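Enquirer: Just a sequence and a predicted model for now, questions to come.
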Amino acid sequence: MTGSRVFEARPRPRPGRPRSEESRTAVLRATSELLREVGLRAMTTEEIANRSGASKATIYKWWPNKYAVAIDAFLSEMMAESRDPDTGSARDDLTAVMRGLMRFYTGPSGRVFAQLVGEAQADPSVQQELRTNLVDSRRELFRTIWDRGVERGELRPDVDPDAALDLVIGPALYRLMIGHAPLSDEAADLIVDAAIRGLALSD
C-alpha cells in the first residue's frame, strides 16, 4: 500500500496583496462559526469582519462575496475526509471515501453544504465557485481511484468515467438534499456494492 495522497481544492488566486495567513485563518474560522450559528443566508460579510478582526475591504480583496468565503471555509473542513486511501482495491477505496463523504454530510458542514447547493440553483456565481473549489476536487479523488481500478483490471474500461462517478457519488448527494434515506457507513457500503456490480470487470 502506498502512502496516502491528499486532494485539496485550490481556490483561484485573487488580485491584490498576498493574503496574511493569520488573517485568512481568522476569516475562515469566523465564517465556519457563523455558518453553523446563523446559516448561509443570514450570515453577512460585516459579521465575518467583526468576528475575525479583518476589515470588510480586506475580505473583499480576497473573496468576491460571502459565498466564496463560505466555500473557501469548507476546504479545510473537507481535508480530513478527502484523503486517498489507496488500499490496493478500487472497491475498498471507493467504500472508504464514500464513508468519509457520508460523515461530512451528516455533520454541521453537511447542512451548510446543502444550503450552498440550494443557493447555487439561483446564482450562477455560487454554482461556479462551488463546482470549481469543492466539487471538482472531490471528483478528482474519485477519478484517481477509478483510473487505478481500470489499470489494475478491476473496473470496466468501456464505461464513461464521468457517468461512473455520478453513479457512485450521486446517491449520497440525493439523500442529503431529500432526506429520504440514511447517510451512514452502512449506506455507503450498500451504494458502492450496488455500483460495483455494474462497474466491475467480470472475471
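Expert: That came through fine. Numbering: from 1, shown residues only.

Enquirer: how is this structure carved up into domains?
Expert: 17-73, 80-199 (automatic domain parsing).

Enquirer: Would you reformat those as TSV and include mean neighbour count?
Expert: The way it works is simple: take the backbone N, C-alpha and C, and place the C-beta from them, glycine included. Shown next, in TSV, are those (neighbours: other CB atoms under 10 Å):
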stretch	mean neighbour count
domain 17-73	17
domain 80-199	17
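
Enquirer: Kindly reformat those domains as CSV containing mean pLDDT.
Expert: As requested, those are arranged in CSV below (pLDDT from 0 to 100):
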stretch, mean pLDDT
domain 17-73, 90
domain 80-199, 91
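
Enquirer: I'd say Leu167 and Arg197 touch.
Expert: No: counting by CB atoms under 8 Å, Leu167 stays clear of Arg197, with 10.8 Å between them.

Enquirer: Which of the three states applies to the most centrally placed residue in the chain?
Expert: Centrality entry for the chain: nearest residue to the mean C-alpha point is Leu134, 4.5 Å, by CA atoms, centre = their mean. Following DSSP: H, G, I helix; E, B strand; the rest coil, we place Leu134 in the helix state.

Enquirer: from memory it sits against Phe74, does it?
Expert: Yes: counting by CB under 8 Å, Leu134 touches Phe74, with 6.0 Å between them.

Enquirer: what touches both of these two?
Expert: Taking CB atoms under 8 Å, 6 or more residues apart in numbering as the criterion, Leu134 and Phe74 both touch Phe113.

Enquirer: Quick check: neighbours shared by Leu167 and Arg197?
Expert: Joint contacts of Leu167 and Arg197 (CB under 8 Å, 6+ apart) do not exist.

Enquirer: who's in contact with stretch 143-162?
Expert: With CB under 8 Å, 6+ apart, stretch 143-162 has contacts from 5, 7, 84, 86, 89-91, 93-94, 97, 164-165, 199-201.

Enquirer: Spit out the contact partners of Pro85.
Expert: Listed by CB under 8 Å, 6+ apart, the contact partners of Pro85 are Ser4, Asp92, Asp93, Ala96, Val97.

Enquirer: Mind picking the two most distant members of those?
Expert: Ser4 and Asp92 (13.2 Å; CB to CB).

Enquirer: all strands of the chain, in order?
Expert: For the chain, the strands defined by DSSP state E occupy 5-6, 83-84.
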